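A.B. asks: Got a sequence here, can you model it:
(one chain, ligands or ions: 1)
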Amino acid sequence: MYKILITDHILDDAIKILKKENFEVEYNPEIDKVNLKGKIKDCDGLIIRGRTKIDREILDNAKKLKIIVRAGVGLDNIDLDYCKTKNVKVFNTPLAPINSVAELTICLILSLLRNLYEANKSLKEGKWLKKYFIGFQLKGKTVGIVGFGRIGYEVAKILTCFGCKIIAFDIDISRKKLAEEIGGEFTTDLDYVLSNSDIITIHLPLNSSTYKMFSKDVLKKMKKDSFLINTSRGGIVDEEALLEMLESGHIAGAALDVFENEPPITEVEKRLISHKNVICTPHIGAQTYEALKQESIEAAEIIVKFFNEEIYMIATSTKIDSLKKIAELVKKERKELSVRNLLLKSLENNQIKFKLNKQAAYMKKLSFVTVKEETPLGAIEFKIFSENIKEIIDYIAPLPKIKTLQYRTREFNIEETE
Ligand SMILES: NC(=O)c1ccc[n+]([C@@H]2O[C@H](COP(=O)([O-])OP(=O)(O)OC[C@H]3O[C@@H](n4cnc5c(N)ncnc54)[C@H](O)[C@@H]3O)[C@@H](O)[C@H]2O)c1
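C.D. replies: I've put the predicted structure just below:
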């Protein structure tokens with residue numbers, strides 16, 4: 001049975017799917033690094049979100065690990081290069097958070113423009129400060145979308161409905177068509193976006209090319225009194241430079257869902273958070289029931305698909321009687337073992353095709369026998385899985401022109417050739 005370790009909070013839906021498919025599941029959503037180093041030793045698969053850091057030290061301890069699924073998008077918490085050298089496959093569920101992050105971005109933009117946080121807070125404190133809260137309309141504003149991928153595009157589509165002008169910036173020029181389809185402008189010139197936008201919203205991945213991309217020099221190029229939104233990754237904006245730009249009044253306000261350190265720890269981060277023109281949220285972009293459900297289910301389904309890869313076996317014979325005998329044998333095995341997905345797919349064109357679920361075979365500790373038949377077209381090899389290897393060999397041995405090549409014993413790892 002394959003063991004799957006889940007080290008971040010995901011919904012129960014994922015665990016149910018995995019258990020139904022007979023995986024052993026350990027849900028340990030707040031595990032620390034020391035314990036993870038121990039637990040990972042006997043795991044075949046891992047499901048994480050953004051909290052768990054998968055570095056070299058962890059991967060060196062992961063002796064059996066074959067797959068990591070990141071429920072969500074960002075892969076910046078995983079040492080992808082080292083995973084490659086260890087032959088650990090990495091997947092994510094990039095579609096799940098799109099709408100939730102896009103909606104939070106819109107929510108933050110509107111909140112910034114209308115002083116929503118301060119207006120709400122002051123009224124709750126018993127103050128009626130109506131005359132101080134004069135904000136801005138969103139309609140007619142130019143919004144620069146930096147990183148016009150899945151989320152950036154979704155944000156742009158919604159903003160178009162608000163009557164905004166869109167300038168999309170991306171290094172991938174194939175995104176130009178999408179920008180133009182929604183009536184936006186596309187550019188690969190960052191300075192152009194910065195100097196022409198009333199609002200800049202960042203939707204980039206964090207990598208070596210984007211780390212601190214919004215440096216002091218870049219922030220200075222933003223229009224005076226413009227707004228900055230970041231719901232992508234904290235490290236992309238130089239926090240100290242942003243604080244300086246807010247304090248000098250060059251940038252009118254910022255909304256941040258992400259920080260270089262999460263939770264924020266530095267003095268600069270604390271000052272940013274408490275700045276009167278900053279609205280901030282604790283990385284809640286994908287924290288909706290819908291996104292969590294979708295990413296949990298997708299993550300579990302990726303694991304199931306990965307381990308339950310279906311194996312097709314094709315037996316071909318010029319003698320239909322040989323095939324019928326093999327077909328009967330497989331049918332019998334299916335009945336006795338009740339192995340799911342063991343199907344006799346066809347008996348036509350002198351061919352039979354079986355479909356077997358790898359995990360089911362593994363769980364049943366099935367052995368297989370590889371047989372070879374000499375045909376006028378050359379030798380054809382195929383495998384038959386069974387719990388009773390001897391019975392199969394006995395069945396096949398008298399069949400004309402079919403000879404047993406090799407078989408594997410129950411342990412599945414000892415290979416013997418006749
Ligand atoms: N706040 C949250 O909770 C939350 C949730 C999900 C995703 N995110 C973050 O949102 C970001 C965007 O996600 P996505 O699904 O839209 O990703 P995506 O890969 O679809 O889009 C990213 C885009 O950025 C472009 N890009 C990459 N490097 C660039 C560079 N140096 N200059 C210009 N363009 C560049 C890519 O070509 C791509 O089009 C990611 O950082 C992701 O981690 C945040």
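A.B. asks: Next, residue 157: phi, psi?
C.D. replies: The phi and psi values for residue 157, taken as degrees, to the nearest 10, are phi -60, psi -40.
A.B. asks: Next one: whichever residue of the stretch 51-200 of the chain sits closest to the ligand from residue 281, what distance?
C.D. replies: Distance from the ligand to each residue of the stretch 51-200 of the chain (CB to the nearest ligand atom) is smallest for residue 149, at 1.7 Å. To be clear about C-beta, it is placed using only N, CA and C from the backbone, and glycine gets the same treatment. Residue 149 sits 21 Å away from residue 281, going by CB to CB, to the nearest Å.
A.B. asks: Give me the helix or strand of the protein that scores worst on average pLDDT.
C.D. replies: When each helix and strand of the chain is scored by mean pLDDT, DSSP states H and E, strand 415-417 comes last, with a mean of 28.
A.B. asks: in which helix or strand would I find residue 106?
C.D. replies: Element membership of residue 106, judged by DSSP states H and E, is helix 98-113.
A.B. asks: Number of residues surrounding residue 28?
C.D. replies: Other residues near residue 28 number 14, with proximity taken as other CB atoms under 10 Å.
A.B. asks: do residue 106 as well
C.D. replies: 18.
A.B. asks: How many residues are close by the closest residue to it other than its chain neighbours?
C.D. replies: Spatially, and ignoring its direct neighbours in sequence, residue 106 is nearest to residue 158 (5.4 Å; CB to CB, 6 or more residues apart in numbering). The local packing of residue 158 (other CB under 10 Å) involves 15 other residues.
A.B. asks: go on, residue 195?
C.D. replies: 13.
A.B. asks: Remind me what the host helix or strand of it packs against, helices and strands.
C.D. replies: Assigned by DSSP H and E, residue 195 belongs to helix 190-196. Here helix 190-196 touches strand 142-146, strand 165-169, going by 3 or more CB pairs under 8 Å, 6 or more residues apart in numbering; DSSP states H and E.
A.B. asks: low-confidence ranges in this structure?
C.D. replies: Across the chain, residues meeting the criterion (pLDDT under 70) sit at 309-418.
A.B. asks: Write out the residues of it neighbouring the ligand.
C.D. replies: Selection of the chain residues close to the ligand by CB under 6 Å from any ligand atom yields 72-74, 94, 97, 101, 147-152, 170-172, 175, 203-206, 209-210, 231-233, 257-258, 283, 285-286.
A.B. asks: List buried residues within those.
C.D. replies: 72-74, 94, 97, 101, 147-152, 170, 175, 203-204, 206, 210, 231-233, 257-258, 283, 285-286 (16 or more other CB atoms under 10 Å).
A.B. asks: Find the centremost residue of the chain, please.
C.D. replies: Nearest to the mean C-alpha position of the chain, by CA atoms, centre = their mean, lies residue 92 at 1.3 Å.
A.B. asks: Distance check, the residue in the stretch 301-418 of the chain positioned nearest to the ligand against residue 115.
C.D. replies: Nearest residue of the stretch 301-418 of the chain to the ligand, counting by CB to the nearest ligand atom: residue 302, 16.4 Å away. Separation of residue 302 from residue 115 (CB to CB) stands at 43 Å.
A.B. asks: Which positions within stretch 121-137 qualify as buried?
C.D. replies: Quick answer for stretch 121-137 (16+ other CB under 10 Å): 122, 136.
A.B. asks: Quick one: end-to-end distance for it.
C.D. replies: Stretch 121-137 has an end-to-end distance of 21 Å (CA to CA, to the nearest Å).
A.B. asks: What residues sit buried inside the helix or strand harbouring residue 201?
C.D. replies: If you go by DSSP H and E, residue 201 is part of strand 199-202. For strand 199-202, the neighbour count (16+ other CB under 10 Å) marks 199-202 as buried.
A.B. asks: what does stretch 172-180 give?
C.D. replies: 175-176, 178-179.
A.B. asks: Could you dump those into TSV and include secondary structure and distance to residue 5?
C.D. replies: What follows is the buried residues of stretch 172-180, written out as TSV (DSSP: H, G, I helix; E, B strand; the rest coil; distance: CB to CB, whole Å):
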residue	secondary structure	distance to residue 5
175	helix	36
176	helix	42
178	helix	38
179	helix	41
